[in-house]
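Undergrad: Take this sequence and fold it.
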Amino acid sequence: MDGLKRFVDLHASPYHGLNFCIGTVAEMLERPGEEIYDIVRYFGERGKLFNIHFRNIQGGFLDFVEVFPDEGDVDMPRVLHLLHELDYAYMVMPDHVPQIAGEAPQHVGFAYCFGYIRALMQTMS
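TA: Predicted coordinates:
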């Protein structure tokens, strides 16, 4: 996280921030299911989150697998509620999706993730 913090501090501007991938940051953590929320809060409180890639993992640092948002170690509803609490007003979108079988597997995977994100957003109204 020190590298991300240094990057954000390189240039003081309201237009300088992060395309923040929940999955990528979680991959850097020993205990992503416990640690990611404070990191989201840190950058969110400073207005440095400009786009959220909503991806989950199972595992942690140097030992993880990408999974759908409802299958991993990160509580994705908690992440979305935290973004709402922080008045985050930009995009929340899938990054990439796990491989699945069948016709147009990537399209089906993305459709599932978009539906999941939308359903979570509807729980916050």
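
Undergrad: Identify the residue nearest the geometric centre of the chain.
TA: In the chain, the centroid-proximal residue (C-alpha atoms, centre = their mean) is residue 22; its distance is 2.6 Å.

Undergrad: What are the phi and psi values at it?
TA: Dihedral pair for residue 22: phi -60, psi -40, per degrees, to the nearest 10.

Undergrad: Wait, it touches residue 72, no?
TA: No: applying C-beta atoms under 8 Å, one finds residue 22 not in contact with residue 72, separated by 9.3 Å. Backbone N, C-alpha and C define where each C-beta goes, glycine included.

Undergrad: overlap in contacts of those two?
TA: residue 56 (C-beta atoms under 8 Å, 6 or more residues apart in numbering).

Undergrad: ok, back up a step: run through the residues that contact the residue nearest to the centre of the chain.
TA: 36, 40, 52, 53, 54, 55, 56, 74, 76, 79.

Undergrad: For whichever strand or helix holds the first one, enumerate the helices and strands it packs against.
TA: To tie it back to what came earlier, the one meant is residue 36. For residue 36, the host element (DSSP states H and E) is helix 32-45. Packed against helix 32-45 by the contact rule (3 or more C-beta pairs under 8 Å, 6 or more residues apart in numbering; DSSP states H and E) you find helix 2-9, strand 18-21, helix 22-27, helix 76-85.

Undergrad: No more questions from me, cheers.
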